[in-house]
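*Asks:* coordinates for the following, if possible.
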Amino acid sequence: MQKKIIALAVAGLMSGAAFAQSNVTISGGIFMGYDSNKTSGTAATAGFGTVSRVTDHSSNLNITGTEDLGGGMKALFQIDTRFGLDQAGGTWAGGNSFVGLSGNWGRLVAGKHDLHYNELAGGIGAMRVRSLQSLLGHGIMSEVNGVAITPRTRSNNVVMYNSPNMSGFAVQVAGSTQAGGTAAGATGEGAQAANGSKGGAWNATLKYANGPINAGYSYWQNNEEGGNGAATMVMTDQRSNRIWGRYAFPMGLSIGVGYDSSKYDSDATAGTNWVKRNAWQLTGQYTMGANQFYLQYAKAGDTSGAGVLDSGSGAKAWLLGYDYALSKRTNIGLSYTTVKNDAANGTYDFFATPVGTPAGAKSAQWHLGMSHSF
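*Replies:* Residues are numbered from 1 along each chain as shown. Predicted coordinates:
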């Protein structure tokens with residue numbers, strides 16, 4: 001028995017020595033809520049009732065680590081797993097997960113990562129107690145009348161460079177061999193029509209954060225392998241520009257504005273039938289002690305482009321929210337979010353687990369939630 005104890009002690013010492021050169025950290029956040037959803041406003045929704053559900057809003061577990069390589073260089077990794085407490089589901093490394101190197105020159109990583117679509121929520125504000133449906137920057141601002149711009153989740157097969165901070169300025173440049181699918185496309189390299197090597201996406205972002213000012217610009221471009229008419233396409237050919245700015249006043253008030261101009265190619269022949277829309281968003285946030293109040297508004301204009309129904313193809317969205325910090329890591333909150341489509345042809349919906357909106361319909365959600373970080 002004594003020999004077993006000694007052996008375990010030696011093994012523990014050896015393990016400590018092996019990990020002495022690496023720093024591994026476990027962290028994450030839990031976002032749970034009770035949601036009440038309702039779709040109304042058209043003949044098609046006349047019989048729809050209110051849907052209530054307990055929902056996990058993208059809880060995550062992060063395992064991160066670094067190793068000092070000497071000369072100011074480090075190896076780093078992150079495994080970001082999204083799990084669902086409501087249904088015990090989830091995907092290992094389904095979030096921002098990567099491996100790479102960093103130094104005085106910046107950071108270079110490869111893996112899976114958020115690109116472009118999430119910049120507005122990060123730049124102009126989001127609630128501490130989040131409902132995914134309340135993220136207007138991910139929803140109405142990141143689609144063109146029902147067509148998602150970027151996968152609206154982590155992009156796959158990414159190589160990304162982040163510059164060091166330069167007096168508040170930072171640059172991010174990323175490329176993906178297939179942002180919405182596997183590295184070889186939906187059915188394998190060359191399995192689709194045309195040249196299989198032409199598929200891919202890239203994103204460039206310039207950000208400024210210094211004192212009360214947070215601002216930035218992001219450009220997204222996706223070229224779908226095999227053309228937009230291929231039956232196995234993952235996304236469409238896409239181009240998107242977005243710009244944002246936020247100012248924090250000394251009295252606890254922050255005001256932000258965002259603008260997005262996006263288009264996608266709706267035709268099988270690349271570059272022949274672009275559908276475009278412009279959208280903008282205003283945000284206000286007021287902090288008073290442990291209390292935070294939120295008001296956001298977003299509007300998507302009518303689409304333009306050959307072969308589409310332009311008139312009445314826009315939408316408006318509102319968010320009214322409040323949350324309270326029970327501690328530095330735990331918050332509770334209440335929010336109301338609504339998306340109202342233009343009567344004729346608007347088909348916008350919530351981001352994530354949409355409730356379904358026929359043309360011209362209105363979707364609304366009450367959310368009572370709790371968040372805890374660790």
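
*Asks:* going forward, measure contacts between C-alpha atoms and count neighbours the same way
*Replies:* OK.

*Asks:* any buried residues in stretch 25-36, and which?
*Replies:* Within stretch 25-36, the residues that count as buried by 16 or more other C-alpha atoms under 10 Å are 29, 30, 31, 32, 33, 34, 35, 36.

*Asks:* what mean pLDDT does that stretch have?
*Replies:* For stretch 25-36, mean pLDDT is 97.

*Asks:* for the buried residues of stretch 25-36, give me a markdown table that also has distance to residue 145 and secondary structure.
*Replies:* As requested, the buried residues of stretch 25-36 are exported to a markdown table (distance: C-alpha to C-alpha, whole Å; DSSP: H, G, I helix; E, B strand; the rest coil):
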| residue | distance to residue 145 | secondary structure |
| --- | --- | --- |
| 29 | 32 | strand |
| 30 | 31 | strand |
| 31 | 28 | strand |
| 32 | 29 | strand |
| 33 | 28 | strand |
| 34 | 28 | strand |
| 35 | 24 | strand |
| 36 | 24 | strand |
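
*Asks:* closest to residue 154 among those?
*Replies:* Using C-alpha to C-alpha, residue 29 is the member of the buried residues of stretch 25-36 that lies nearest residue 154, at 17.4 Å.

*Asks:* please name the nearest non-neighbouring residue to that closest one.
*Replies:* Using C-alpha to C-alpha, 6 or more residues apart in numbering and skipping residues adjacent in sequence, the residue nearest residue 29 is residue 373, 4.2 Å away.

*Asks:* ok, residue 103 next?
*Replies:* Nearest residue to residue 103, sequence neighbours excluded (C-alpha to C-alpha, 6+ apart): residue 73, at 4.6 Å.

*Asks:* do residue 337 as well
*Replies:* With C-alpha to C-alpha, 6+ apart as the criterion, residue 337 has its nearest non-adjacent residue at 4.5 Å, and that residue is residue 319.

*Asks:* quick one: that neighbour from residue 141, how far?
*Replies:* From residue 319 across to residue 141, the span is 13 Å (C-alpha to C-alpha, to the nearest Å).

*Asks:* who has more neighbours out of those two?
*Replies:* residue 141 (32 against 21; other C-alpha atoms under 10 Å).

*Asks:* thought the more buried one was touching residue 277?
*Replies:* No: if you go by C-alpha atoms under 8 Å, residue 141 and residue 277 don't touch, sitting 9.9 Å apart.

*Asks:* what do the two both touch?
*Replies:* Contact with both residue 141 and residue 277 is made by residues residue 300, according to C-alpha atoms under 8 Å, 6 or more residues apart in numbering.

*Asks:* show me what contacts residue 115?
*Replies:* Going by C-alpha under 8 Å, 6+ apart, residue 115 touches 150, 154, 155, 174, 203.

*Asks:* not counting residues beside it along the chain, what's closest to the third one?
*Replies:* Taking C-alpha to C-alpha, 6+ apart as the measure, residue 155 lies nearest to residue 179, with 4.7 Å between them; neighbours along the chain are not counted.

*Asks:* show me where the stretch 251-374 of the chain has its helices.
*Replies:* In the stretch 251-374 of the chain, no helices are defined using DSSP state H, counting those that start in this stretch.

*Asks:* part of a helix, is residue 121?
*Replies:* Yes: assessed by DSSP: H, G, I helix; E, B strand; the rest coil, residue 121 belongs to a helix.

*Asks:* what is the burial count for it?
*Replies:* Residues lying near residue 121 (other C-alpha under 10 Å) number 17.

*Asks:* distance of the closest residue to residue 313 other than its chain neighbours relative to residue 364?
*Replies:* Nearest non-adjacent residue to residue 313, counting by C-alpha to C-alpha, 6+ apart: residue 346, 4.0 Å away. Distance, residue 346 to residue 364, using C-alpha to C-alpha: 15 Å.

*Asks:* then residue 162?
*Replies:* From residue 162 across to residue 364, the span is 38 Å (C-alpha to C-alpha).

*Asks:* who has more neighbours out of the two?
*Replies:* Using other C-alpha under 10 Å, the more surrounded residue of residue 162 and residue 364 is residue 364, with 23 against 17.

*Asks:* so the more buried one touches residue 349, yeah?
*Replies:* No: counting by C-alpha under 8 Å, residue 349 is not a contact partner of residue 364; they are 9.8 Å apart.

*Asks:* need the overlap of contacts for those two.
*Replies:* What both residue 364 and residue 349 touch, as defined by C-alpha under 8 Å, 6+ apart, is the set residue 339.

*Asks:* lowest-pLDDT helix or strand in this protein?
*Replies:* Here the helix or strand of the chain ranked lowest by mean pLDDT, DSSP states H and E is helix 2-19, holding a mean of 43.

*Asks:* just the element for the closest residue to residue 243 other than its chain neighbours, please.
*Replies:* The shortest distance from residue 243 to any non-neighbouring residue, by C-alpha to C-alpha, 6+ apart, is to residue 217 (4.4 Å). Under the criterion of DSSP states H and E, residue 217 resides in strand 213-223.

*Asks:* how far does that strand sit from its chain's centre?
*Replies:* Remark: strand 213-223 is offset 13 Å from the chain centroid, using C-alpha atoms, centre = their mean, to the nearest Å.

*Asks:* remind me what the helix or strand just after that strand packs against, helices and strands.
*Replies:* Where DSSP H and E defines the elements, the next helix or strand beyond strand 213-223 is strand 238-248. Where contact means 3 or more C-alpha pairs under 8 Å, 6 or more residues apart in numbering; DSSP states H and E, strand 238-248 is packed against helix 119-124, strand 213-223, strand 253-265.
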